[in-house]
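[1] model this:
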Amino acid sequence: MTAPTGQPGTIIFDLDGTLVDSVPDLAGSLDTLMAEKGLSPIGVDLARRLIGHGIPNLVRRALTERGVAWEEEAGQAAIKRFTEIYGSRVAQETRPYADVVAVLTALKAEGWKMGVCTNKMERFARAVVEQLDLAAFFEIVAGPDTFKIGKPDPRHLTETAKAAGGVEPLLYVGDSEVDIATGVAAGVPVIALTYGYTKTSLEGLGADRLIDSFAELPAAIREVLADRAPVAAAS
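    Residues are numbered from 1 along each chain as shown. Reported below is the predicted structural model:
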């Protein structure tokens, strides 16, 4: 990472559950897949609980919920078909959370370099960002295929930050236990949103701040940077 050169620093964001609510499109795609297989729909509520760790895990969990034993050949075909379905509607119902656009606009005006680090494949993540008119905020949108590494491997975060400009200080903003683990492993301050797709309580997992809305992010950034600021040596 480089030292500050006029910019405040770099903020890297998770995507699903942090910047955007993508459950409706993921659930709709799962329901189409289930219908093709003669299975009952998954629905939004169950899909929200199944999301995490990428498409293969999502499809596997959905099929398991419908009593389908995993068989590798059929499973891989189901993953491929889901990918096709989801690719055709990646941002049909997905929307930014409240205050995301306003806060990102303010952060960009302050000079922050920003990027997206997500376990969603890059082409899908980029499509979401572009179709929701968020692309202008980010220097990079990185999926697990971008650097051939995915969260919770800390290199996914650090490589994304380098590609975003690498200006310190660096902060990571996410919504799940995976995001917190990634930031902690990278030695990066983490601010976690409590409204996302986490599978467990975020309390005690090592986030520097837990916030309930995106509107709270600017204040949380200031607090975290103040907490992490080096204490001047006594004279």
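
[2] report the residue ranges of every domain in the protein.
    For the chain, automatic domain parsing gives the domain ranges 10-21+94-228, 23-87.

[3] shouldn't residue 170 be in contact with residue 161?
    Yes: in this structure, residue 170 is within contact of residue 161 by C-beta atoms under 8 Å, at 5.2 Å. Where you see a C-beta, it was placed from the backbone N, CA and C, and this is true even at glycine.

[4] put together TSV for the domains of the chain, with mean pLDDT on each row.
    What follows is the domains of the chain, written out as TSV (pLDDT from 0 to 100):
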stretch	mean pLDDT
domain 10-21+94-228	96
domain 23-87	94
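
[5] show me the helices in the protein, by range?
    Under the criterion DSSP state H, helices of the chain are mapped to 23-36, 43-50, 55-65, 72-87, 100-110, 122-131, 154-163, 177-186, 217-228.

[6] only the buried residues of the first one, if you could.
    Along helix 23-36, these residues count as buried under the neighbour rule (16 or more other C-beta atoms under 10 Å): 23, 24, 25, 26, 27, 28, 29, 30, 31, 32, 33, 34.

[7] how about residues contacting it?
    Here helix 23-36 makes contact (C-beta atoms under 8 Å, 6 or more residues apart in numbering) with 40-44, 46-48, 51, 58-59, 62, 66, 78, 81-82, 85-86, 89-94, 197.

[8] now those: which count as buried?
    Counted by 16+ other C-beta under 10 Å, the contacts of helix 23-36 give 41-42, 44, 47-48, 51, 58-59, 62, 78, 81-82, 85-86, 90-91, 94, 197 as buried.

[9] quick revisit: which of the buried residues of helix 23-36 sits closest to residue 151?
    residue 26 (17.6 Å; C-beta to C-beta).

[10] for that closest one, give its distance to residue 221.
    29 Å (C-beta to C-beta, to the nearest Å).

[11] before we move on, what about residue 128?
    Counting by C-beta to C-beta, the gap from residue 128 to residue 221 is 24 Å.

[12] again with residue 162
    For residue 162, the distance to residue 221 (C-beta to C-beta) stands at 20 Å.

[13] quick one, which of the two is more surrounded?
    Using other C-beta atoms under 10 Å, the more surrounded residue of residue 162 and residue 221 is residue 221, with 24 against 16.

[14] beta partners of the spatially closest residue to that one that is not a sequence neighbour?
    Nearest residue to residue 221, sequence neighbours excluded (C-beta to C-beta, 6 or more residues apart in numbering): residue 171, at 6.3 Å. Counting by DSSP bridges, residue 171 is bridged to residue 11.

[15] residue 181 against residue 156, yeah?
    No: the pair residue 181 / residue 156 is not scored as a contact, 11.5 Å apart, by C-beta under 8 Å.
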